[in-house]
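Q: quick one, fold the following:
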Amino acid sequence: MIALERVSKHYGGVPAVDDVSLTIPTGEVFGIVGQSGAGKSTLARIVNLLERPDRGTVTVDDVELTALGETELRAARRRIGMVFQRFNLLSSRTVRGNVELALELDGGSRAARRDRAQEMLDLVGLGHRGDASIHELSGGQQQRVGIARALASRPSVLLSDEATSALDPETTDSILELYRRINEELGLTVLLITHEMDVVKSTCHSAALLEQGRVVEQGRLVDVIRTPGSRLTSQLFPLGPVPDGVPADATVIDITFAGGTADRPVIARLARDHDADVSILGAVVERIAGTQAGRTRLEVPGHVAGAVIADLRAQGLLIEVLQGVAA
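A: Residues are numbered from 1 along each chain as shown. The predicted structure is shown next:
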């Protein structure tokens, strides 16, 4: 488990991370999402104390890192693997040599280091490229080497700081699938720092939204989706503003679906049961944390809007009224 309690970090009097408290359960894939400058990378470096917070505590696997001296801290960091956006690989070493680098401080025989490096390269799909030069690899392959290196010392936590932002969409998908497999097969807690909601949707169990150094929302995605007014949900399922041309006497609503409700013929039944023309203004449906979920925006005639909204809420659906009656 990772626990941050009231953590703050300032640079020149300006808060980069401001009074952040987070609990990340063991074995989860947790996303910290926010725009550039939100404080995500600083927060990632605080987790392994590459940046020491001005105040607050950081605990990883029941060890309070902020209470450790430098020698103890260096040992504790061996349990926290780090994957970087820019790969940070050494061009002077082979692929296998880069992975072995993570093991050299641990001691052990050269043969043991080589065997472990090969094992990790096999895991990330590069077992056949151990003797290759870093320059011979694509960006996605270099990122896989970075992941293998981070896993070599058998960490319990894996931090990934914008590790897919420099990759094309197809390569990103393959790297995220690798993270999911690592989480499932090795039981690692994975912390993904990202500005991309697609990364959160496809990979994370839980997420926190960071703005100007503060956590404005956090939780398991299946719970967040069901939370009225959730800002994370609106970013996971962006529908934009109400389009021009909607009649002033119409009601516009957003319906949020999650789990079994995503498969119901809700709109067809509304039109039938209320004898009304219901228009779809937008829809986004995704699979999130293993659950089918999404949002649909409807235009409903004003004279039946109250009854329609009551009907939908009686079905357990989350309704947000954007225009018109709010019954």
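Q: immediately after the host helix or strand of residue 158, which helix or strand?
A: In this assignment (DSSP states H and E), residue 158 forms part of strand 157-161. Next along the chain after strand 157-161, taking DSSP H and E as the criterion, comes helix 169-186.
Q: show me where pLDDT drops low in this structure?
A: 259-264, 326-327 (pLDDT under 70).
Q: the stretch 1-150 of the chain: helices as residue ranges?
A: Remark: helices assigned in the stretch 1-150 of the chain by DSSP state H, counting those that start in this stretch are 40-47, 70-77, 95-101, 110-123, 139-151.
Q: that older thread, contacts for the strand holding residue 158?
A: With contact meaning C-beta atoms under 8 Å, 6 or more residues apart in numbering, strand 157-161 is reached by 2, 40-41, 44-45, 47-48, 60-61, 79-85, 147, 150-151, 179, 182, 188-193. Backbone N, C-alpha and C define where each C-beta goes, glycine included.
Q: equivalent analysis for stretch 316-327, please.
A: Here stretch 316-327 has contacts from 225-229, 242, 246, 249-258, 261, 266, 297, 300, 302, 305-306, 309-310, 312-313, using C-beta under 8 Å, 6+ apart.
Q: do stretch 141-153 as well
A: By C-beta under 8 Å, 6+ apart, the residues outside stretch 141-153 that reach it are 78-79, 81-84, 87-89, 95, 98-103, 106, 116-117, 120-121, 123-126, 129, 134, 137, 158, 163-164, 167, 171, 175, 178-179, 182, 186, 188.
Q: for this structure, which segments count as strands?
A: Under the criterion DSSP state E, strands of the chain are mapped to 2-11, 14-24, 29-33, 55-60, 63-64, 80-83, 157-161, 189-194, 206-211, 214-220, 251-258, 279-288, 291-300, 318-323.
Q: what's the closest of those strands to residue 111?
A: Taking C-beta to C-beta, strand 80-83 is the member of those nearest to residue 111, at 22.6 Å.
Q: packing partners of the closest one?
A: helix 139-151, strand 157-161 (3 or more C-beta pairs under 8 Å, 6 or more residues apart in numbering; DSSP states H and E).
Q: make a markdown table from the ones you listed and add mean neighbour count and distance to residue 202 to it.
A: As requested, the helices and strands packed on strand 80-83 are exported to a markdown table (neighbours: other C-beta atoms under 10 Å; distance: least, C-beta to C-beta, whole Å):
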| stretch | mean neighbour count | distance to residue 202 |
| --- | --- | --- |
| helix 139-151 | 23 | 16 |
| strand 157-161 | 23 | 14 |
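Q: now tabulate these in TSV and tack on distance to residue 21.
A: Converted to TSV, the helices and strands packed on strand 80-83 look like this (distance: least, C-beta to C-beta, whole Å):
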stretch	distance to residue 21
helix 139-151	26
strand 157-161	18
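Q: out of the ones you listed, which gets nearest to residue 17?
A: Nearest to residue 17, of the helices and strands packed on strand 80-83 and by C-beta to C-beta, is strand 157-161 at 14.0 Å.
Q: about what we covered before: select only the buried ones of the contacts of stretch 316-327 in PyMOL?
A: A single PyMOL command selects the buried members of the contacts of stretch 316-327 (16 or more other C-beta atoms under 10 Å):
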select buried, resi 225+226+242+246+250+251+252+253+254+255+256+257+258+261+266+297+300+305+309+312
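Q: residue 134 contacts residue 97, doesn't it?
A: No. Using C-beta atoms under 8 Å as the test, residue 134 is too far from residue 97 to be in contact (9.2 Å).
Q: where do the contact lists of the two overlap?
A: With C-beta under 8 Å, 6+ apart, residue 134 and residue 97 have common neighbours residue 90.
Q: which one, of the helices and strands packed on strand 80-83, ends up nearest to residue 221?
A: Closest approach to residue 221 among these is made by strand 157-161 (17.6 Å; C-beta to C-beta).
Q: hmm, residue 279 is touching residue 301, no?
A: No. Taking C-beta under 8 Å as the definition, residue 279 is not a contact partner of residue 301, at 9.4 Å.
Q: okay, those two: which has more neighbours?
A: residue 301 (18 against 14; other C-beta atoms under 10 Å).
Q: next, count neighbours for residue 247.
A: Per other C-beta under 10 Å, the neighbour tally for residue 247 reads 12.
Q: who's in contact with it?
A: Residues in contact with residue 247 (C-beta under 8 Å, 6+ apart) are residue 299.
Q: and it, its phi and psi?
A: The phi/psi pair for residue 247 (degrees, to the nearest 10) reads phi -60, psi 140.
Q: that one and residue 278: what is the separation?
A: 13 Å (C-beta to C-beta, to the nearest Å).
Q: and for residue 300?
A: Taking C-beta to C-beta, one finds residue 300 at 6 Å from residue 278.
Q: cool, residue 301 as well?
A: Using C-beta to C-beta, residue 301 is found at 8 Å from residue 278.
Q: do residue 231 as well
A: With C-beta to C-beta as the criterion, residue 231 and residue 278 are 27 Å apart.
Q: next: residue 204.
A: For residue 204 relative to residue 278 (C-beta to C-beta), the value is 33 Å.
Q: what is the neighbour count of the residue lying closest to residue 202 once chain neighbours are set aside?
A: Computed as C-beta to C-beta, 6 or more residues apart in numbering, the closest residue to residue 202 that is not its neighbour in sequence is residue 176, at 5.5 Å. By the measure other C-beta under 10 Å, the count of residues near residue 176 is 23.
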